[in-house]
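> Can you look at this prediction? I've put the sequence above it.
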Amino acid sequence: MADLVDDIKSKLTIEGLVSQYVQLKKAGRNLKGLCPFHEEKTPSFVVSPEKQICHCFGCHKGGDIFTFIEEKEGITFVEALEVLADKVGIKADTKKYKKKAGPTDKDDYFKAHEIACEFFEKQLYKTNDGKKVLEYLYKRGLDDETIKEFRIGFAPDSYDALYPSLIKKGLNKNVLLKSGLVSSKRIASDQIYDKYRKRLIFPIFNYLGKICGFGGRALSKDQMPKYLNSPENAIYNKSKELYGLSFAKQSIKENDQLLVVEGYFDVILPYKAGIKNVVATSGTALTDKQAKIIKRLTSNVVSCFDNDDAGFNASTRAFSILQKEDVNMRTIVLDEKDPADLVLERGGDFLKEKISGSDNFMTVLMNKLVDTNDVNTLEGRKAVISGLMPFYKGMKSSVRDFFVRELSSKLDIKEQFIYDEIESFKLPYDHPAKIKAKSDLKKTKFDVDELVLGIFLEYPKVFGITNDLLDKNDFQEELKSVYKALADKYNSLRENCKDWDFDKGVLLKNKEKIDVLRLYADYKYSSFSEELLEIELGKLIDKMKKSTRISELRGIQKQIDEFEKAGDTKKVLELLEQQQELLSK
């Protein structure tokens, strides 16, 4: 059986992975794009299909597919294995890697959530109060199969039902407090009590299907808040998680479409009815991070939020954010209160028809503005135009042209007038459609000896031309052993030395640094002919030798000053002679 790491590498390329996060363009033998790790206007992020690595020469982040996903998602190597295995459809057996890495804080959080979920499930099916809640779920249109698939549970009306069960399993009190499963009036207090009481419990699953949080719905009208959600902690980030994504991701890929709704039931009822490609924002506005996750799965979204002003505002916000990611968004305008009610009253096929017949959100917004303003008046027309301007401003020209024609027709005004308005319109600083790029980080400046060594590493043929001009002492300390390894290899083979062995010895030990130097040399000099490269190398070596000479002269001058103060004339004369010799070179 192949090693999991090698198996993943055989099925996923660095360019294939990075292109899910970054728009890449060809740059010689490499690919180039805006860095996914920091804001920038000028691309400094380079991907090498040949070397299967990436690197940003602005913020210095990058590596292979595993390092990239670790950095981008803020996860451990073992978690990166699980994520990438899922992407390529491999069952990830990470036991040996977990054993090697040792336990982490996240392990305790996941363990606590799994035990809590099992507790809530048992309370739903095995207690009298739970069975009453179960009847409520049946009335909402759920069956046992769906309830168990989504692992819905019940938290009893007790202050000390869950906590003792968790403590018995050896879980740390601080983990339980930070996870939000329990609470305490004072941090140092031992008076700890269950946080979820008399609530319907919806486990929140991460992308890989692990429980990372809970949503607790109140079961009586006087309970506040209506929904009690997990706080952010080591495994839960509410701005990243989409409820139902682990269930929906395969269907999203197959249909190349995603239905975005607002609440837990809005996901579960359509899912039960056969609409599997559905996720929820769980009562919060769609975030930038969620939009980026969606973009990696599909470029086609249909929103179906509650039929009220808050629901329409949520769709508007989602459209603004998805527009930045170049995701198309259509929207369903409901007659019912929410998607769950629609499915319960009219069935899944009716919702499927609504999805198929949904309009682009821009058209829906345009119609709403036209219907709610008197477009026969100047004020009414201005209101319509100003309501649409932020979205026109963020559109690609081809898409904008279509909607300019549509608005021109509806308002019976010239298209040029709308284009003039778009040209003069300035987005408010906090509008989602406005991309605010921070000042570029200072680009990496490689030292001259690093550039020279990078050329030697990437283009072995030129090493022999300049070998006699340099020795290891011309390089900074951390590079000396690498240069010596190249020189030893070349001197043992001479003209037969056509390549370096990067998989052993000093070169393997310094792989990370070498990969970056090679990538930069390839990126900077791949378009050079052999003759031009030799000329460039000669200039760099002259500069390098000059820099070394200046450094030596400064060192000698410092010694001269010290010996003059000490009155050691003999030593001063010796040093002056050395100084003169260096100056004559």
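Right, received. Where do you want to start?
> can you list the domain ranges for this protein.
Here the domain assignment for the chain is 4-99, 105-229, 245-357, 448-581, based on automatic domain parsing.
> ends of the shortest one, how far apart?
Put plainly, it is domain 4-99. 15 Å (Cα to Cα, to the nearest Å).
> got it, and stretch 238-249?
18 Å.
> Which positions in it come out as buried?
For stretch 238-249, the neighbour count (16 or more other Cβ atoms under 10 Å) marks 238, 240-249 as buried. Using the backbone N, CA and C atoms, a C-beta is placed for each residue, glycine as well.
> State the mean pLDDT of that stretch.
The pLDDT scores in stretch 238-249 average 96.
> What helix or strand is the residue nearest the centre of the chain located in?
Nearest to the mean C-alpha position of the chain, by Cα atoms, centre = their mean, lies residue 72 at 4.5 Å. Counting by DSSP states H and E, the element that carries residue 72 is helix 65-73.
> Equivalent analysis for residue 491, please.
Judged by DSSP H and E, residue 491 forms part of helix 477-493.
> Following the chain onward from that helix, which element is next?
In N-to-C order, the element after helix 477-493 by DSSP H and E is helix 505-509.
> Give me the contact list for that following helix.
481-482, 484-485, 500-502, 514 (Cβ atoms under 8 Å, 6 or more residues apart in numbering).
> List the buried residues in it.
In helix 505-509, counting by 16+ other Cβ under 10 Å, buried: residue 507.
> for stretch 88-105, same thing?
So stretch 88-105, judged by 16+ other Cβ under 10 Å, has buried residues 90, 92, 94, 97-98.
> Tell me how far it lies from the chain's centre.
21 Å (Cα atoms, centre = their mean, to the nearest Å).
> Just the residues contacting it, thanks.
4, 7-8, 11-12, 76-78, 81-82, 85-86, 175, 234.
> now with 6 Å?
With Cβ atoms under 6 Å, 6 or more residues apart in numbering as the contact definition, stretch 88-105 has outside contacts at 7, 11-12, 78, 81-82, 85, 234.
> returning to what we had before: and which of the buried residues of stretch 88-105 is nearest residue 558?
residue 97 (52.3 Å; Cβ to Cβ).
> got the CA coordinates for whatever helix or strand residue 318 lives in in CSV?
According to DSSP H and E, residue 318 maps onto helix 309-324. Output of helix 309-324 as CSV, limited to C-alpha atoms (Å, rounded to 0.1, in the frame of the first residue of the first chain):
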residue,chain,number,x,y,z
ASP,A,309,-36.5,42.6,4.9
ALA,A,310,-33.8,41.0,6.9
GLY,A,311,-33.8,38.0,4.4
PHE,A,312,-33.5,40.3,1.4
ASN,A,313,-30.7,42.3,3.1
ALA,A,314,-28.9,39.1,3.7
SER,A,315,-29.2,38.3,-0.1
THR,A,316,-27.9,41.7,-0.9
ARG,A,317,-24.9,41.3,1.3
ALA,A,318,-24.2,37.8,0.0
PHE,A,319,-24.3,39.1,-3.6
SER,A,320,-21.8,41.9,-2.8
ILE,A,321,-19.4,39.4,-1.3
LEU,A,322,-19.8,36.7,-3.9
GLN,A,323,-19.3,39.3,-6.6
LYS,A,324,-15.8,39.9,-5.4
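> May I see the buried residues of it?
Buried residues in helix 309-324 (16+ other Cβ under 10 Å): 311-312, 314-324.
> What average pLDDT does that helix get?
Rounded mean pLDDT across helix 309-324 is 92.
> what sits up against it?
285-286, 288, 291, 301, 303, 305, 329, 331, 361, 394, 432-433.
> Reformat the residues you listed as TSV; add pLDDT, distance to residue 542 and secondary structure.
As requested, the contacts of helix 309-324 are exported to TSV (pLDDT from 0 to 100; distance: Cβ to Cβ, whole Å; DSSP: H, G, I helix; E, B strand; the rest coil):
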residue	pLDDT	distance to residue 542	secondary structure
285	87	59	coil
286	94	57	coil
288	93	49	helix
291	96	51	helix
301	98	58	strand
303	96	63	strand
305	90	66	coil
329	97	58	strand
331	96	65	strand
361	96	61	helix
394	84	51	coil
432	54	52	coil
433	49	51	coil
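> hey, which helix is longest across the protein?
helix 530-566 (DSSP state H).
> Might one say that residue 518 is in contact with residue 457?
Yes - counting by Cβ atoms under 6 Å, residue 518 does reach residue 457; the two are 5.0 Å apart.
> mind checking the SS state of the residue nearest to residue 204 when sequence neighbours are not counted?
Nearest non-adjacent residue to residue 204, counting by Cβ to Cβ, 6 or more residues apart in numbering: residue 213, 4.0 Å away. At residue 213, secondary structure determined by DSSP: H, G, I helix; E, B strand; the rest coil is strand.
> neighbours around residue 213, how many?
Neighbour count of residue 213, defined by other Cβ atoms under 10 Å: 26.
> now swap in the one 10 residues further on and tell me
As a burial measure, residue 223 scores 14 neighbours (other Cβ under 10 Å).
> Same check on residue 140?
The number of residues near residue 140, taken as other Cβ under 10 Å, comes to 14.
> and residue 344, what element?
Per DSSP H and E: helix 339-346 holds residue 344.
> buried stuff in that helix?
Buried residues in helix 339-346 (16+ other Cβ under 10 Å): 339-344.
> tell me the contacts of residue 36?
21-22.
> Give the helix, strand or coil label for it.
coil.
> What does the pLDDT read for it?
94.
> quick revisit: which of the buried residues of stretch 238-249 fall in helices?
245-249.
> Closest one to residue 200 out of these, please.
residue 247 (18.5 Å).
> Give me the mean pLDDT for the helix holding residue 344.
Per-residue scores along helix 339-346 average to 93.
> I'd like to know which elements that helix is packed against.
helix 264-272 (3 or more Cβ pairs under 6 Å, 6 or more residues apart in numbering; DSSP states H and E).
> Residue 367 sits in which helix or strand?
Residue 367 belongs to helix 361-372, assigned by DSSP H and E.
> which helices and strands sit right next to that helix?
Short answer (3+ Cβ pairs under 6 Å, 6+ apart): helix 361-372 packs on strand 328-331, helix 378-393.
> mind running it again at 8 Å?
helix 309-324, strand 328-331, helix 378-393, helix 397-411 (3 or more Cβ pairs under 8 Å, 6 or more residues apart in numbering; DSSP states H and E).
> any residues touching the last one, and which ones?
Judged by Cβ under 8 Å, 6+ apart, the contacts made with helix 397-411 from elsewhere in the structure are 362-363, 366, 370, 375, 381, 384-385, 388, 392, 395, 414-415, 418-419, 422.
> circling back to that earlier point, how far off helix 309-324 does the helix holding residue 367 point, in degrees?
140 degrees (axes from the mean of the first three to the mean of the last three Cα atoms, to 10 degrees).
> For residue 268, give me its contacts.
142, 146, 150, 244, 340.
> returning to that earlier point: tell me the two of the buried residues of helix 339-346 that are most distant?
339 and 344 (9.6 Å).
> Identify the residues contacting the helix or strand where residue 519 lies?
Secondary structure from DSSP H and E places residue 519 in helix 511-525. The contact list for helix 511-525 (Cβ under 8 Å, 6+ apart) reads 27-30, 32, 46, 48, 50-51, 53, 55, 57, 62-63, 444, 446, 450-451, 453-455, 457-459, 478, 482, 502, 507, 533, 536.
> ok so, going back, okay, angle between the helix holding residue 344 and helix 264-272 too, please.
Using the same axes, to 10 degrees: helix 339-346 against helix 264-272 is 50 degrees.
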